[in-house]
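Visitor: Have a look; sequence and predicted model below, questions after that.
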Amino acid sequence: MLPQENLISWIPENIRKKECTYFVESSQTSDSGVVCECGYLREQHLEDAAKPPISLGKEWDPRTHIREMPTDAFGDIHFRGLGQKMGKYVRVSSDTPPWVIYHLMTHHWGLDAPNLLISVTGGAKNFIMKPRLKNIFRQGLVKVAQTTGAWIITGGSHAGVMKQVGEAVRDFILSCSHKESEIVTIGVATWGTVYNRESLIWPMGGFPAEYVLDEENQGSLSCLDSNHSHFILVDDGTHGRYGVEIPLRTRLEKFISEQTKVKGGVAIRIPIVCVVLEGGPGTLDTIYNAITNGTPCVIVEGSGRVADVIAQVASLPVPKITIALIQKKLSVFFRDTYEQFTEGKVVEWTKKVSLLQADSSSYCTSSRNQDNFGCENWDYQLKLAVAWNRVDIARSEIFTDDHEWKPTDLHPVMAAALISNKPEFVKLFLEQGVRLKEFVTWDTLVYLYDNMAPSCLFHSKLQKVLLEEREHMAGSKMPRIQLHHVSQVLRELTTGTCRTGRRSPCSLCPLLLQSQDCMAAALACSKILKELAKEEEDTDTTEDMLALAEQYEQKAMGVFTDCYRKDEERAQKLLTRVSEAWGKTTCLQLALEAKNMNFVSHGGVQAFLTKVWWGQMCVDNGLWQVIACTLFFPLLYTGLITFRYFLRLGHASFFTAPVVIFYMNILSYFTFLLLFAYVLMVDFQPVPSWWEYLLYFWLFSLVCEETRQVWGRQSRGWEEDFWNRLDICAILVFITGLTCRLIPSTLYPGRIILSLAFIIFCLRLMHIFTVSKTLGPKIIIVKRMMKDVFFFLFLLAVWVVSFGVAKQAILIHNEERVEWLFRGVVYHSYLTIFGQIPSYIDGVNFNIDQCSPNGTDPYKPKCPETNEDNKKPIFPDWLTVILLCLYLLFTNILLLNLLIAMFNYTFQQVQQHTDQIWKFQRHDLIEEYHGRPPAPPPFILLNHLQILVQRAHGVKLEKNEEAALLSWEMYLKESYLQNQQCREKQNTEKKVMGNVLFDSKMNRMKVQSRGMRLCSHGHPSS
């Protein structure tokens, strides 16, 4: 939509109104005064109208005495007293070209070109419709308009059929909260018949113009209907004359129906349909003109008058439509006004109805003629169905046995369905034989991404990439979209993709039906949706994305479950197979990056992780056996440990198992902490001892291992792990303390900093509990509770500081020592929460020897203000006691209980998903030690010199083996989807049967209760 300033300048330059410039007194009288032949009063004319030139003559002629000038009524219309209803309006000349009005609506008013034009005509006066017919009309009209993106055009007044349409739109808007569901309802009315039109006159535009809907005082004029969204007020320079808008409305509707709308690469001419409800003699002319021009009409039978007359004779042949029949129908349906029908009018009606029936019959015959309904017409009908998003019509009326569709013929509409985000049509086209291998080409992908909706979040990210490239190339022209731009965006959302087709969040599900690598595709879609949901601002859209991501995860789980039931080993290969299409990643890695806890906690995934955790050993070995062999490895030769396969070098594979590496590292870490504690407490000399040098060497090996993880292939997501960040923090603090320790003047500060580093290294011990199913989730609880404490401290700080400052100001006068100010304001106030109440706060236990009167003693606080005579405190102890009580009330009772409630909520939230959380975090531990060198620190330095770190869980299969594995997966995927459809069908049938049984029981109970009442009436003695 163009800015308001441009609209104010564009409309007067291109849109005109009409004014009468020659006042000729009319023979008709008016209560308001003398009126002109145009219908307006003398005062409503221009100043020069009463003094016309002689050349104009004395007789009033609208062709010469009415002239055009810039319009003075346009802008936003607000209906006063009816809420926030706001619409657009404009006053136009009756000779305005239709293209100008269409340009105004689409470019300046911001309306999208319609997929369908619905012209509603009929009775202009209020009439009564049967409730059932009214509901059918309203629901049908709104459903068609809402699903097709249509424009509804009416007369715009608050009466008759226009009022019925407005109320139907109003009821729909009230029941729907989505902005996308707004219906465009355009009222084309006569300016000279609009009541209160003076409030709409704003030469510079009314933004908004206040309009009052006053039916009681409107008289012969009409009020505008408040439920229309746009108004085109047609002006011919006259007042009080109805029907002025009909020629312009006809031209406008014809012009719109001749336009071609291009959407999703598919061009369709905008279809038009005329809906007739009730109506008088003028409506018959409208119907006849519409059918003559090839516009289909929908006659609502039962609405009355003209509509019922036509409906009654619609099934009759033309010879049977006689004058007597029409006269009989008019007497039935025009009871009140039948006397106005002269013999000539009846004859005229008979001719028009006969011609109408003949035209209608020929039109219907031609529309069903096989010659006319050829390939082009079938293609046009399908394009309309896609534009209207009516997949039900496409299934029942288009994809029938009457026409055979080639898969290549569906490629344009397939692209349109993808661009328009219509997954049901994508699914339908795939069912009709469209093959992705034939459809998805390089040019098609570029075209699809180039035509994404501007409101799409992916489109905005793609434009950002293009802007960065333009700035980098220092060019002024925006580069065209290429697939490497798309790949760059997708890498930000997931592990990357380049040859799997277009990944539209809502259209992907049908595409998975033909995807070989379906499990990886579903997990990747889940990841993309979750990443997009993080950046989406609209809450409803975010929820929809997350719900769709969960559906993809459930589909991946369903396929994997069937695969695991059939063959565990092949299913586990699917988990670890490197997918070239998804950035050379694996299904397991995609699930972890998307945080798909349900998938990772699946029994088959956990069985695979357990197998990796135990290496070549059998998973049924006892933990005590592993620990015994770790401490005394000759026990391996006694057969205490069993292996899955016969291995000649079983002892070597034992030490490479992640479980053994884990326990060896635990033993090494405990030894490191004991050595660290010994150096700090016993052997911290000015000159480092050999024990201290061993500690530094040990730390160096830890630094090397962290460096390997950062620069190795395990670096993806390394910085996001909490324990890795804790390691870096501990190492940096240790290095800082070591630097101070090596400088003689900062020896003691160095020991203090090293002591703090020891605390951080001890906190790292909690990581070993993640292997425990019982204690592992508790670590998560502690981490989340730390966040609760962080936010709680903000609330607590308010009370601590406020009480501390007030207490310090009341008790002590001008304390200038900063350290004692901090003690009095923060430290003492904080300790008060835990019961350490200052003894001098109430003046009873005051001892002047425990404080410094002038604040000169650095080891004593400054004394409170005292009486010079008896040295007793003079502060109001009653006030400090009240403040203390209030402080303890809010902190000890309110805030601390709030913290406990927050902890309880966090605990319950995690406890509900304990099993999933533990299984998900278990993978991180297994992956860490699967890729870790076997030797523990400090001996790990030897492994760093000779090993080549391999990427965990990645298996590159041979082409034949991979093809066979994917074919097997695709077969089970199709089986899973078929079973799912059968279950959904059975559930639907059960619900229907349940409703039928419930209704039958209710009817039986009603019959029984009625019979009991009859019996009681028949036997009063009983």
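Guide: Looks like it came in fine.
Visitor: Every contact and neighbour count from this point should use C-alpha atoms.
Guide: Fine.
Visitor: Would you agree Thr185 falls within a helix?
Guide: No. Assessed with DSSP: H, G, I helix; E, B strand; the rest coil, Thr185 is strand; it does not lie in a helix.
Visitor: buried set for stretch 737-748?
Guide: Within stretch 737-748, the residues that count as buried by 16 or more other Cα atoms under 10 Å are Gly737, Leu738, Cys740, Arg741, Leu747, Tyr748.
Visitor: Just give me the closest of those to Thr656.
Guide: Nearest to Thr656 among the buried residues of stretch 737-748 is Leu738, at 33.9 Å by Cα to Cα.
Visitor: Is that closest one part of a helix or strand, or is it coil?
Guide: Applying three-state DSSP: Leu738 is helix.
Visitor: Could you measure from it over to Ile728?
Guide: 15 Å (Cα to Cα, to the nearest Å).
Visitor: Give me the residue at the spatial middle of this protein.
Guide: By Cα atoms, centre = their mean, the mean C-alpha position of the chain lies nearest to Thr541, the distance being 0.7 Å.
Visitor: so which strand or helix has that one?
Guide: Using DSSP states H and E, Thr541 falls within helix 539-566.
Visitor: now swap in Phe654 and tell me
Guide: Using DSSP H and E, the element containing Phe654 is helix 650-655.
Visitor: And for Val346?
Guide: Judged by DSSP H and E, Val346 forms part of helix 343-367.
Visitor: if you average pLDDT over that helix, what comes out?
Guide: Averaged across helix 343-367, the pLDDT comes to 59.
Visitor: any idea which helix or strand comes after it?
Guide: Proceeding N to C from helix 343-367, the next assigned helix or strand is helix 375-388, under DSSP H and E.
Visitor: could you pull out the helices for the stretch 1-150 of the chain?
Guide: Ranges of helices within the stretch 1-150 of the chain are 4-14, 62-65, 98-103, 131-148, based on DSSP state H, counting those that start in this stretch.
Visitor: From the contact counts, what lies against the longest one?
Guide: Helix 131-148 makes packing contacts with helix 160-175, helix 375-388 when contacts are defined by 3 or more Cα pairs under 8 Å, 6 or more residues apart in numbering; DSSP states H and E.
Visitor: name the helices or strands packed onto the next helix or strand after the last one?
Guide: Per DSSP H and E, the first helix or strand lying C-terminal to helix 375-388 is helix 391-393. Under the contact definition 3+ Cα pairs under 8 Å, 6+ apart, helix 391-393 sits against helix 423-431.
Visitor: Could you point out the helix or strand that follows the helix it packs on?
Guide: That would be, after helix 423-431 and using DSSP H and E, helix 436-439.
Visitor: Return that following helix as PDB; C-alpha atoms alone will do.
Guide: Extracted C-alpha coordinates of helix 436-439, given in PDB (Å, rounded to 0.1, in the frame of the first residue of the first chain):
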ATOM      1  CA  LEU A 436      10.100 -35.700  -7.900                       C
ATOM      2  CA  LYS A 437      13.000 -36.900 -10.000                       C
ATOM      3  CA  GLU A 438      11.400 -35.500 -13.100                       C
ATOM      4  CA  PHE A 439       9.800 -32.400 -11.500                       C
END
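Visitor: counting contacts, what elements does the helix or strand just after it pack onto?
Guide: Going down the chain from helix 436-439, the next helix or strand is helix 442-450, by DSSP H and E. If you count contacts as 3+ Cα pairs under 8 Å, 6+ apart, helix 442-450 packs onto helix 411-419, helix 483-493.
Visitor: Leaving out chain neighbours, which residue sits closest to the residue nearest to the centre of the chain?
Guide: Computed as Cα to Cα, 6 or more residues apart in numbering, the closest residue to Thr541 that is not its neighbour in sequence is Ala533, at 7.7 Å.
Visitor: low pLDDT regions in the stretch 701-850 of the chain?
Guide: The stretch 701-850 of the chain contains residues with pLDDT under 70 at 712-719, 843-845.
Visitor: give me that answer again for 80
Guide: Where the stretch 701-850 of the chain drops to pLDDT under 80, the residues are 710-722, 769-777, 780, 837-850.
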